[in-house]
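Trainee: Have a look; sequence and predicted model below, questions after that.
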Amino acid sequence: MPSEEKKALVRRFYKAHSKGDLDEIREMMAPDFIDRSLMPGQEGSDREAYILGIAEDRAAFSDIRFTIDDQIAEGDKVVTRYTGRSIHQGEFLGVAPTGKEGFSTGIDIHRIAGDKIAEEWSESNSVNIVVPALE
């Protein structure tokens, strides 16, 4: 798969995440997908655990949007720097909902195998989303 197609696959992945389209997300992921960036206390790094995590995010946040700030593809990997925005409507990391819009930034690395996302490494400052509740 050419680099531009790999980047397009990852952009579709973010868009499906924003919409909460778990079926579309599952379709883009390899059956043996591995999440390499579990949060403390998070269990399960396989595809179904990842999808469950997205469903849990959807319970805590509404109006989820991603802006792709930079994207680079090399070999079998796509690196994406993004800004995420959402409204904190449910408990997240033990913090009660604020009803306020928050944002986070992050960098994800996706490994593409064939035409599927096979692995993800991620770093973000998602705690920024709950900062308004701590002020």
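Mentor: Right, received. Where do you want to start?
Trainee: Relative to residue 75, how far out is residue 20?
Mentor: 31 Å (CB to CB, to the nearest Å). Where C-beta positions appear, they are placed from N, C-alpha and C, glycine not excepted.
Trainee: ok, these two, which is more surrounded?
Mentor: residue 20 (16 against 9; other CB atoms under 10 Å).
Trainee: quick one: residue 122 is in a helix?
Mentor: No: assigned with DSSP: H, G, I helix; E, B strand; the rest coil, residue 122 falls outside any helix and is strand.
Trainee: show me where this structure has helices.
Mentor: 3-19, 22-28, 47-60, 131-134 (DSSP state H).
Trainee: In JSON lines: the ones you listed, plus mean neighbour count, mean pLDDT and distance to residue 124.
Mentor: Putting the helices of the chain into JSON lines (neighbours: other CB atoms under 10 Å; pLDDT from 0 to 100; distance: least, CB to CB, whole Å) gives the following:
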{"stretch": "helix 3-19", "mean neighbour count": "17", "mean pLDDT": "97", "distance to residue 124": "13"}
{"stretch": "helix 22-28", "mean neighbour count": "15", "mean pLDDT": "97", "distance to residue 124": "18"}
{"stretch": "helix 47-60", "mean neighbour count": "15", "mean pLDDT": "92", "distance to residue 124": "12"}
{"stretch": "helix 131-134", "mean neighbour count": "14", "mean pLDDT": "59", "distance to residue 124": "14"}
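Trainee: how about those helices, which one is nearest residue 93?
Mentor: helix 47-60 (8.8 Å; CB to CB).
Trainee: hey, C-alpha coordinates of that closest one in CSV?
Mentor: Extracted C-alpha coordinates of helix 47-60, given in CSV (Å, rounded to 0.1, in the frame of the first residue of the first chain):
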residue,chain,number,x,y,z
ARG,A,47,-8.5,-5.2,19.2
GLU,A,48,-11.7,-5.8,21.3
ALA,A,49,-10.1,-4.1,24.4
TYR,A,50,-9.1,-1.1,22.3
ILE,A,51,-12.7,-0.9,20.9
LEU,A,52,-14.1,-1.1,24.4
GLY,A,53,-11.8,1.8,25.4
ILE,A,54,-13.3,3.9,22.5
ALA,A,55,-16.8,3.1,23.7
GLU,A,56,-15.8,4.2,27.3
ASP,A,57,-14.3,7.4,25.8
ARG,A,58,-17.7,8.0,24.1
ALA,A,59,-19.5,7.6,27.4
ALA,A,60,-17.2,10.3,29.1
